[in-house]
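Participant: Got a predicted structure here, sequence first:
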Amino acid sequence: SDALNQQSEEPKGKRGIKITRKMCILGGVALVAVIGIAVLARFGYAYWTDPQRDVDRKAAGEYATAVDYYESGEYDLALEKTEAIDTTWTRYQKAEKLRVDIIKARLDEIRSSYEGDQKYTEVISYVKRKVPNLDIDAEIREQYEQAIEEYKASVLKKADELEDAEDYSGAVREVETALQLIGSDAKLEERVHQLGKTEILKAVETYEASKEYDTAIELISDRIGDYETDSEVVLAYNRCKDAFRDSVIQEAEAAYESSGYESALSIVNNALTVLPGDPQLTSEKDIYTACIPVDLTTLTPYFEGYITVLTGEVTDTLGNTYHSGLKGYMYESDASKFECYNIWDIGGEYNTLTATGVVLEDGKGARGTALFRIYGDGVLLYEKTDIDSKTKPYEIEVDITGVTDLKIEMYGHGTNYFINTLSSVLVDVMLQKEK
C-alpha cells in the first residue's frame, strides 16, 4: 500500500511543478509585454511630440514639390522651393544635391536660349544671384569661369573696334559695363586705363592745335588722379600749363598797354581759376594789383598842416558829387603864420598822381582866387594859380616816378577865422603805379 501511495503522489508533484512553471512563463511574458508597451508608449510619445518630425515632414513635402518643378522644367520655381527647405532637415543633403542639378539644368537652358554676349551675361548674372559659393560643384564653377573669359574676350574685341573708330568714350563704357557685371578684373581695369589715356592724349592734341589750352588743362585735371604717375599724361599736362601760362601773360600785357591794369588783372584772375595757386600767375596778379590806384587821403601824412581832408560827400558847382579829396582855404599871405600843406612819404613806389580840381558848391560866385602846388622831394612838379569861382572841373596828371616825399600846398581866399570865400579843392587824388 505504501508503494501504491508513493506512486499515486509522484504525478501530483510533477503536475504542481508544471503548473508553477507555466505560471512563471506566463508572468514573464506578461512582464515583457508590460515593459514593451511602456517602451513603445514612451518612444511613441517622444516621436509624436518631437518637433523634428514636423520639420522633416514639411521639408519632405517641399522637396517633393521641388522635384516636380525640376522634372517639369520649371527650374526657377524648383530652385525657389529648395531654398525654402529647412537646413535642419535630417536629409538636407538631398536638397543640396537637387539644387546643384537644378542650377546645371538652368545653365544648360540659358546657353541654348541666348546668343552672343547675352549668353555670357545671363550665365554670369544667374550664377552670381543663385550660387553664393562656387565650391558646391566643379562643373558649375567651370561654366561660370568659361562664360567670364568668353565675355571678356568679346568685350575687349568690341573696345578695340571702338578705339579704332576713335570712339574712346564708347570703348570705355563697353569695358566698364563688363566690370560692373564681373566685378574687379585686372585685365579689364588696365584696358579702361589705357583707353582713358589714349582719349586724353588725343583730345589734348586737338586742343593744343586750336590753342585751347584751358580746355585741355580742365580735361586732364578732372582725370589726373588716375594718371598722376603716367609720364606721357603728366608731360602733356605740364606742356599745356606752360603754353596756357605764357599765352595769359602775353594777353594780360597787351590788355594792360591798351586798356590798363583792370583788363590785365581780369585776365590773370580768370586764368587763376584754371590754374589755382600757380606761382607765376600769382606773381603776375600781384604786379597788376599793385597798379590799382591808391587814394591819397587813405594815407597818413607825416606832416599835417592846415589842409582839410574831405571824407564825406561834397558837390561842385555843376552838381557833381565826390567822396574824398583835399581842401585848402587860407590866404597864401598867411603862409608865414600857417603851414597850409601836407607831406606824405610814398617811398618812391608810384609813377603818377591824378586828381580832379573843382570849385565846391559853396564857392559859387565867391570872390578872389585859389591855387595849389605839388612838390616831389622839394621840387615843384605842378601848380595851378588861376582858380576862381567860374572854374569848371579839370583833370591833372603829374609824374611822381621815384618821389619819396610828396608835398601838396593849397591856398584859398579865406582866413582861419572867417571862411566864406573860395577854396582850393582837389578830389579823387590817386597815386598810380605802373607795371
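Facilitator: Arrived safely, thanks for sending. Source: prediction; values computed, not measured. Residues are numbered from 1 along each chain as shown.

Participant: quick one: what helix or strand has Ile408 in it?
Facilitator: For Ile408, the host element (DSSP states H and E) is strand 405-411.

Participant: Only alpha carbons, please: show that strand as PDB.
Facilitator: Output in PDB follows, covering the C-alpha atoms of strand 405-411 (Å, rounded to 0.1, in the frame of the first residue of the first chain):
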ATOM      1  CA  ASP A 405      58.300 163.000 -50.100                       C
ATOM      2  CA  LEU A 406      55.100 164.200 -51.700                       C
ATOM      3  CA  LYS A 407      54.000 167.600 -50.700                       C
ATOM      4  CA  ILE A 408      50.800 169.300 -51.600                       C
ATOM      5  CA  GLU A 409      50.400 173.000 -50.800                       C
ATOM      6  CA  MET A 410      46.900 174.600 -51.100                       C
ATOM      7  CA  TYR A 411      45.600 178.100 -50.600                       C
END
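
Participant: So in this structure, where's the weakest helix or strand by average pLDDT?
Facilitator: helix 2-49 (a mean of 57; mean pLDDT, DSSP states H and E).

Participant: and after that one, which helix or strand comes next?
Facilitator: In N-to-C order, the element after helix 2-49 by DSSP H and E is helix 51-71.

Participant: Would you mind pulling the contact partners of that following helix?
Facilitator: Contact with helix 51-71 is made by 47, 75, 77-79, 81-82, 84-86, 88-92, 94-95, 98, 101-102, 105, as judged by Cβ atoms under 8 Å, 6 or more residues apart in numbering. To be clear about C-beta, it is placed using only N, CA and C from the backbone, and glycine gets the same treatment.

Participant: Among these, name the buried ones.
Facilitator: Tyr75, Ala78, Leu79, Lys81, Thr82, Ile85, Trp89, Lys94, Ala95, Leu98, Asp101, Ile102 (16 or more other Cβ atoms under 10 Å).

Participant: dump the residue contacts of the residue lying closest to the third one once chain neighbours are set aside.
Facilitator: By that I understand Leu79. For Leu79, ignoring the flanking residues on the chain, the nearest one in space by Cβ to Cβ, 6 or more residues apart in numbering is Ile102 at 4.9 Å. Counting by Cβ under 8 Å, 6+ apart, Ile102 touches Ala66, Tyr70, Tyr75, Ala78, Leu79, Thr82.

Participant: so Ile102 is in which element?
Facilitator: helix 92-113.

Participant: so how far is whichever helix or strand comes after that helix off the chain centroid?
Facilitator: Using DSSP H and E, the next helix or strand after helix 92-113 towards the C-terminus is helix 116-130. Averaged C-alpha coordinates place helix 116-130 at 34 Å from its chain's average position (Cα atoms, centre = their mean, to the nearest Å).

Participant: Can you verify Glu349 is assigned to a helix?
Facilitator: No - secondary structure of Glu349 (DSSP: H, G, I helix; E, B strand; the rest coil): coil, not part of a helix.

Participant: Could you report the distance from it to Gly260?
Facilitator: Distance, Glu349 to Gly260, using Cβ to Cβ, to the nearest Å: 18 Å.

Participant: Likewise for Leu360?
Facilitator: Between Leu360 and Gly260 the distance is 29 Å, computed by Cβ to Cβ.

Participant: between the two, who's got more neighbours?
Facilitator: Leu360 (20 against 14; other Cβ atoms under 10 Å).

Participant: Report the beta-bridge partners for the more buried one.
Facilitator: Counting by DSSP bridges, Leu360 is bridged to Asp316.

Participant: wait, it sits on Gly319?
Facilitator: No - using Cβ atoms under 8 Å, Leu360 is not in contact with Gly319; the gap is 11.5 Å.

Participant: so what sits against both of these two?
Facilitator: By Cβ under 8 Å, 6+ apart, Leu360 and Gly319 have no common neighbours.

Participant: Show me the shaky parts of this protein.
Facilitator: 1-49, 333-337, 414-420 (pLDDT under 70).

Participant: Can you tell me the centre-most residue of it?
Facilitator: Note on the chain: the residue nearest the mean C-alpha position is Asp222, at 10.1 Å, using Cα atoms, centre = their mean.

Participant: ok, now how distant is that one from Tyr237?
Facilitator: Per Cβ to Cβ, Asp222 is found 11 Å from Tyr237.

Participant: Please apply the same query to Ser258.
Facilitator: Ser258 is 32 Å from Tyr237, by Cβ to Cβ.

Participant: for Gly348, same thing?
Facilitator: Here Gly348 is placed at a distance of 42 Å from Tyr237 (Cβ to Cβ).

Participant: These two: which has the busier surroundings?
Facilitator: Tyr237 (21 against 14).

Participant: Please settle this for me: is Ile287 part of a helix?
Facilitator: Yes - the assignment for Ile287 by three-state DSSP puts it in a helix.

Participant: count of residues packed around it?
Facilitator: So Ile287, with other Cβ under 10 Å, has 17 neighbours.

Participant: Please name the residues that touch it.
Facilitator: Ile287 neighbours (Cβ under 8 Å, 6+ apart): Lys435.

Participant: and the gap between it and Ala255?
Facilitator: In terms of Cβ to Cβ, Ile287 sits 13 Å off from Ala255.

Participant: tell me the SS of Thr421?
Facilitator: coil.
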